[in-house]
Every structure is written in C-alpha cells, then in structure tokens.
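>>> Quick one: sequence and predicted model below, then my questions.
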Amino acid sequence: MILVTGGTGLLGSHVLFDLARQGRKVRAIKRKSSDTSMVRKVFSYYSDDPDVLLKNIEWFDADLMEFDAIGDALNEIKEVYHVGAVVSFYPRDHKAMLKVNIGGTANLVNLSLDKGVQKFCYVSSVVALGRGLNGNATGEEDYFVTSRKNTIYSISKYGAEREVWRGMEEGLNAVIVNPSFILGPGFWDDNSGLFRLVWEGMKFYTDGINGYVDVRDIAKAMIQLMDKSIFNERFILSVDNISYQQLFGMMAKYLGKPAPGIKIPHFVTDMVWRIEAARTFFTKSTPVITKEMAFTTQQKYFYTNEKLRKTLGFDFIPLEQSIREICEFYLKELRNKVKD
C-alpha cells in the first residue's frame, strides 16, 4: 500500500488521482477537520466517474506532528509520497511552518525507517535551492545559502530536505523533487488564485520572473521516479521561466479579459508592505501584502529542468497549454454556477 500526505491539497489530490486511476491502493493522511470535497472535484476534472476512483483511497485522520498516529498510518505501507506542508507568507504562521515542515518531515522519515518503508518521495521546492551563479539558471547542484533575504518558507523547506537527506544516509530509499511555481485547477481561492484575480480584473504586475510547472507533470514525474527506483537524488520540476507580465497576459488571453497593464515599481511594493504592516499592527487584521510577498514578486528567478528530461526522457506540458486548459476549467465552473 502507498501512503500520501497532503492529499487534500492541489498537488496531493493530483497525486492521488494518478495513483487511483492506475488501480493502486492508497492511504491518504488528512487532518480531522479537513474536507475531501476538493479531492473529488479534482478527480471530476479528469474522470467521468470520480467516485469509482475514490474507492481506491483510504482516508486516515492524523497530523504530521502526531508521532503515534503517523506510526499507525505507516502500518503495511511500502511507499510514501510526502506532499503535505504548511505554505504561508504571513508572520503569524512562521512558527507553525517551521514546526510542521521540518518536525513533521523528521517524524515521517524516522518512522519510515522504523517501519521498513521501501520507497520515499519528498516534495520540496525550488526555494530550498541556491540561486544560479553568473546569470545561469538554478540547477540541482546549487545549494541553499543562508541569507536574510530567505523567506521562512524557504528555510522550512531546506530544513525538511535536510531531514530527508539524513534519512538517505541512514538507509532510506528516497528521492526529492523541487517544483517551481505550481499551476493547477480547482483551488481558486488558494493555490489557483491568480486565475481568479485575473478574471476579476487585476490591473497590476511587477517585473519579476519565475519558473512554472503544471501540477499534472509533478504528479507524473514523482510516480515515474518512484517506479524506476531512482533514489538519493533531487530533481527540479519546472517547464519554463517567464515574467509575471507574460504569465498574466496568457491567463487574460484565455479568460477573455484585458491583460494587466500597470507595472508596479519596486519602491511602491516596498511602501505598500510597510503601510500594511503598520495598519495590521493596530487593527490586528491580516495584511493584504507582506514583506516576503513584496520581495518575492520583484525577483528574477530562472530554473533548468535538464536533469529530469535526461533521466526520464520527460516531456513537460507546454506552459501556454497548461494555462489555457486551467482557464477552461475555471470558465466551465463559472458557467456551471450560473446554471445552478
């Protein structure tokens, strides 16, 4: 049996779908308060009978910090896909993010070693890597460098990666994947929120550049790496590097909306997060933009996927195709809401 953590999220639900449609028996960890309706929604994008596939999923209530519960979840498990993590740019979540992402991964690694898990795949992030030198794209050999510019999320993913590398040294057959910005459908108020914002008429963009990858490619690559028993390695998963202006322009094109046309200079984003910090300090509310958000949107990041292409002969979904298909999912949902 296979164990998947983070199964109710964007990537986790796609991993579950790919495993389920292959007829594999899966146990998926979720918190007691988590809703699995989004998983069914994702399954329904790609299957006319999602409920049949969902029968291959055994849900198990546990938290990554509950050592005994995770131990029970690992009974009879041969493979682990560790997708679950806390992702946030809000200061109020920093402690929880460090605790769960690092401590929860350590728990899972230690228990996997104890239980004799045969294969382990950990979903890290490109933010756990260093930056390519001399203008080169970041590759797997660019190692994390301590800096005041690092976000707490990047620190937490780097710390979690170290726990997995430690597990490898202790005999765990593990592989690490480092996705760039993940694009996928369904989670329109969260991971997929950029599509909703463009639909709602977002007018602004920054001059940052980032790497992007379709969520379906990540799930596909993870399963292929595990099936081929490729261990003690990590792989960047990213199809292309484009500017935010290009990204929003493609989204707008396929949503039938005007593309954002107002460029926000650095000093404006710096001013906005400071004003937000002051406002939320006195009102005790959630900031619209934080220092980490402002910094990230102004950076120019480039990544290479050469290692994965060579290792698996992997063909990524072209970025524009990915954006077009996600926009189609979004528009279809809007039409269905109108009918209801």
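Received the coordinates, thanks.

>>> Surely Leu225 is in contact with Val175?
Yes - judged on C-beta atoms under 8 Å, Leu225 makes contact with Val175 at a distance of 5.0 Å. From N, CA and C alone the C-beta is placed, and that goes for glycine too.

>>> Which helix runs longest in this structure?
When the chain is scanned for its longest helix (criterion: DSSP state H), the result is helix 319-339.

>>> Mind giving me the packing neighbours of that one?
strand 181-183, helix 193-199, strand 209-214, helix 244-255 (3 or more C-beta pairs under 8 Å, 6 or more residues apart in numbering; DSSP states H and E).

>>> Any chance you could list what contacts the first one?
The reference is to strand 181-183. Outside strand 181-183, the residues that touch it by C-beta atoms under 8 Å, 6 or more residues apart in numbering are 10-11, 191-192, 210-215, 218, 322-323, 326.

>>> With stretch 144-161 instead?
Taking C-beta under 8 Å, 6+ apart as the rule, stretch 144-161 contacts 85-89, 94, 97-98, 101-102, 104-106, 122, 124-125, 127-131, 176, 234, 292, 295-296.

>>> Can you flag which of these belong to strands?
With strands defined by DSSP state E, the entries of the contacts of stretch 144-161 inside them are 122, 176, 234.

>>> Count the residues that sit near the first one.
Burial measure for Tyr122: 28 neighbouring residues, criterion other C-beta atoms under 10 Å.

>>> before we move on, what about the second one?
Other residues near Ile176 number 23, with proximity taken as other C-beta under 10 Å.

>>> and what of the last one?
In terms of burial, Arg234 registers 19 neighbours under the definition other C-beta under 10 Å.

>>> Tell me if I'm right that it and Glu140 touch.
Yes - counting by C-beta under 8 Å, Arg234 touches Glu140, with 5.4 Å between them.

>>> Next, show the common contact partners of these two.
Asn178.

>>> which SS state does Leu3 fall under?
strand (DSSP: H, G, I helix; E, B strand; the rest coil).

>>> Quickly note the distance from it to Leu255.
Per C-beta to C-beta, to the nearest Å, Leu3 is found 37 Å from Leu255.

>>> ok, these two, which is more surrounded?
A direct count of neighbours by other C-beta under 10 Å for Leu3 and Leu255 places Leu3 higher, at 27 against 22.

>>> quick one: contacts for the more buried one?
Listed by C-beta under 8 Å, 6+ apart, the contact partners of Leu3 are 26-29, 73-74, 77, 79-81.

>>> Per-residue confidence, it, what does it come out as?
The model reports Leu3 with a pLDDT of 98.

>>> Identify the bridge partners of it.
Arg27, Val80 (DSSP bridges).

>>> ok so, going back, of the contacts of stretch 144-161, buried ones?
85-86, 88-89, 94, 97-98, 101-102, 104-106, 122, 124-125, 127-129, 131, 176, 234, 292, 295-296 (16 or more other C-beta atoms under 10 Å).

>>> Show me those that map onto helices.
Short answer: the buried ones among the contacts of stretch 144-161 in helices (DSSP H) are 94, 97-98, 105-106, 292, 295-296.

>>> of those residues, closest to Ser229?
For these, the residue nearest Ser229 by C-beta to C-beta is Thr105; the value is 21.3 Å.

>>> thought the closest one was touching Glu163?
Yes - Thr105 sits in contact with Glu163 when judged by C-beta under 8 Å, with a separation of 4.7 Å.

>>> returning to what we had before: taking the ones in helices among the buried ones among the contacts of stretch 144-161 together, which two end up most distant?
For these, the maximum inter-member distance is 28.2 Å, found between Ala106 and Phe295 (C-beta to C-beta).
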